[in-house]
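Enquirer: For reference, the sequence and a predicted model appear below.
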Amino acid sequence: MRPQMRTGELQARTKVPRLRLRVTAAAESVLRSGHPWLFADSIREQNRAGQAGELAVVYDRKDRFLATGLYDPDSPIRVRLLHVGKPQAIDRNWWSERLTRALAARQGLFDEQTTGFRWINGENDGWPGLVLDRYDRTLVLKLYTAAWLPRLEEIAGLIAGSLHPERIVLRLSRNLQELARRQFGKADGEILTGSPLAGPITFLERGLAFEADVVRGQKTGFFLDQRENRRQVEALARGRDVLNAFSFSGGFSLYAARGGARSVTDLDLSAHALAGAKRNIALNATNAAVAGCRHEFVQADAFVWLKQPPGRRFDLVILDPPSLAKRESERAGAIRAYGGLASSGIEHLAPGGVLVACSCSAHVAADEFFEAVRRAAAEAGRAFQELRTTGHAPDHPATFREAKYLKAIYLRV
Ligand code: SAH
């Protein structure tokens, strides 16, 4: 395929028939119920081989139209659904309406004190496998399926026309990078439209300034999904000594400092992450509470560090490890690890201290995670009170089971 050629053009020129699929009865009812994924092993019949990004039409047992979706021959999620119900023309107007809907869902959520948030959260906003984050005047478009690559120009044009950013940066999940380069001439981190980038972007989250490395950083450069938990931490921090384990660039730490924490200790394995945290503190040095808080940094494996007998106790311990279950087979081990981590965290808490334990593993359900942390607290033999549990922030909606990855539980011990 020629890099810029769109699937529609390709079909028109070569007169290939529409890609038509028939699926198992079980998959049919799953799709009808609104689940956005059709797995390869649920496809019973297919009229021909399909290419990345083609529109696939799914028919039901009675040969009636069931759904349309984006085809990806290289993914076990073979079709990501765009639409279920009556046939619709998926054209520029249709995409434009979808975009308007996602943007409208964020209306009123943020004022000018928050210039970093998520505009589009994939499937949950009707854009399967596509994420759009805002960092000040820069947008980051991250793709998790090759199905978007053939229509990248169209989608980027639509977004630019609607949001007028300074630039749009393209990010690709690791498994797409090779194909994107070979077949579409697109590279992870390239500027799709707008001016080049000199260095990291600075943006605001509830009035605090942060840096994001949108070209090389994890996810799209920052963990925007934790904003609401950081706000809770700010409200809990006054006068406390805080341990921020798996601190990354110090998101929780800055909120705790502004909330009046006496000291904040950032604990992370990565020197790069800790250096970012130091720069973020410097960016907020004009805030008296941030300047007045003692900031300490520990570069260590948090699992090992937390297992050591505590040298000093903290009044607030935040645990936000990376995903501990990358696949279903790792689920049981991850639940044990979350429990172990919570036990260690509690060991480091002074009486009356608060534990904030987070999980971002989609394979571990919220209840399983909460139970593991509660069990750890019960086994510690210390009285505890559950303050709250939290889930997804409103700019990170999760509309189906597999999309619900983020959860946190707050315990006073
Ligand atoms: N809480 C952060 C996000 C955490 S991301 C925020 O709000 O922005 C997970 C972090 O854990 C990364 O910074 C990574 O460097 C760190 N990490 C991964 N494994 C680790 C380990 N074994 N010990 C300490 N830190 C680790």
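Expert: Arrived safely. All values reported here derive from a predicted model rather than from experimental measurement.
Enquirer: And residue 148, how far from residue 344?
Expert: According to Cβ to Cβ, to the nearest Å, residue 148 stands 41 Å off from residue 344. C-betas here are computed from N, CA, C, even on glycine.
Enquirer: So for the two, which residue has more residues nearby?
Expert: The neighbour comparison of residue 148 against residue 344 (other Cβ atoms under 10 Å) goes to residue 148, with 28 against 21.
Enquirer: May I have the residues that are in contact with the residue sitting nearest the centre point of the chain?
Expert: Centroid-nearest residue in the chain, with Cα atoms, centre = their mean: residue 225, separated by 6.2 Å. Residues counted as contacts of residue 225 (Cβ atoms under 8 Å, 6 or more residues apart in numbering) are 118, 360, 392, 393, 396, 406.
Enquirer: what's the neighbour count on the second one?
Expert: What it means is residue 360. When neighbours are counted by other Cβ under 10 Å, residue 360 registers 18.
Enquirer: swap in the first one?
Expert: Using other Cβ under 10 Å, the number of residues around residue 118 comes to 24.
Enquirer: so what's the backbone phi/psi at it?
Expert: Main-chain dihedrals, residue 118, degrees, to the nearest 10: phi -100, psi 120.
Enquirer: Surely it and residue 133 touch.
Expert: Yes - counting by Cβ atoms under 8 Å, residue 118 does reach residue 133; the two are 5.3 Å apart.
Enquirer: Need the residues touching each of the two.
Expert: Joint contacts of residue 118 and residue 133 (Cβ under 8 Å, 6+ apart) are residue 224.
Enquirer: The ligand contacts on this protein?
Expert: Residues of the chain that fall close to the ligand, judged by Cβ under 6 Å from any ligand atom: 223, 226, 246-249, 251-252, 268-270, 273, 301-303, 320, 322.
Enquirer: please redo it, this time with the cut-off set to 5 Å
Expert: Of all the residues in the chain, those in contact range of the ligand (Cβ under 5 Å from any ligand atom) are 223, 226, 246, 248, 251, 268-270, 273, 301-302, 320, 322.
Enquirer: just checking, which of the residues you listed belong to helices?
Expert: When DSSP state H is applied, the residues of the chain next to the ligand are split such that 251, 273, 302 fall in helices.
Enquirer: So which residues make contact with the host helix or strand of residue 56?
Expert: Here residue 56 sits within strand 55-59, counting by DSSP states H and E. Residues from elsewhere that reach strand 55-59 (Cβ under 8 Å, 6+ apart): 7, 18-23, 31, 38, 50, 65-71, 79, 82, 90.
Enquirer: Of the residues you listed, keep whichever come out buried.
Expert: Buried by 16 or more other Cβ atoms under 10 Å: 7, 19-23, 31, 38, 50, 66-71, 79, 82, 90, out of the contacts of strand 55-59.
Enquirer: rewinding a little: any idea how far residue 335 is from the residue nearest to the centre of the chain?
Expert: Distance from residue 225 to residue 335, counting by Cβ to Cβ: 21 Å.
Enquirer: what do you get for residue 143?
Expert: Remark: distance between residue 143 and residue 335 (Cβ to Cβ) = 31 Å.
Enquirer: repeat for residue 42
Expert: 28 Å.
Enquirer: and what of residue 103?
Expert: Residue 103 sits 38 Å away from residue 335, going by Cβ to Cβ.
Enquirer: the more surrounded of those two?
Expert: Higher neighbour count among residue 103 and residue 335: residue 335, with 22 against 16, using other Cβ under 10 Å.
Enquirer: Checking that one next. Helix, strand or coil?
Expert: Here residue 335 is helix, with the state taken from DSSP: H, G, I helix; E, B strand; the rest coil.
Enquirer: which residues does it contact?
Expert: Here residue 335 is in contact with 364, 368, 369, 372 (Cβ under 8 Å, 6+ apart).
Enquirer: Can you tell me which of these are buried?
Expert: Buried members of the contacts of residue 335, counted by 16+ other Cβ under 10 Å: 364, 368, 369, 372.
Enquirer: Can you list phi and psi of residue 179 for me?
Expert: Backbone torsions of residue 179, given as degrees, to the nearest 10, read phi -60, psi -40.
Enquirer: neighbours around residue 409, how many?
Expert: 23.
Enquirer: what's the answer for residue 277, then?
Expert: For residue 277, the count of nearby residues is 25 (other Cβ under 10 Å).
Enquirer: just the strands in the stretch 51-200 of the chain please.
Expert: Ranges of strands in the stretch 51-200 of the chain, per DSSP state E, counting those that start in this stretch, are 55-59, 65-71, 77-84, 116-121, 130-135, 138-143, 167-172, 191-194.
Enquirer: Mean pLDDT for those - can I get that in TSV?
Expert: As requested, the strands of the stretch 51-200 of the chain are exported to TSV (pLDDT from 0 to 100):
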stretch	mean pLDDT
strand 55-59	97
strand 65-71	97
strand 77-84	97
strand 116-121	98
strand 130-135	98
strand 138-143	98
strand 167-172	98
strand 191-194	97
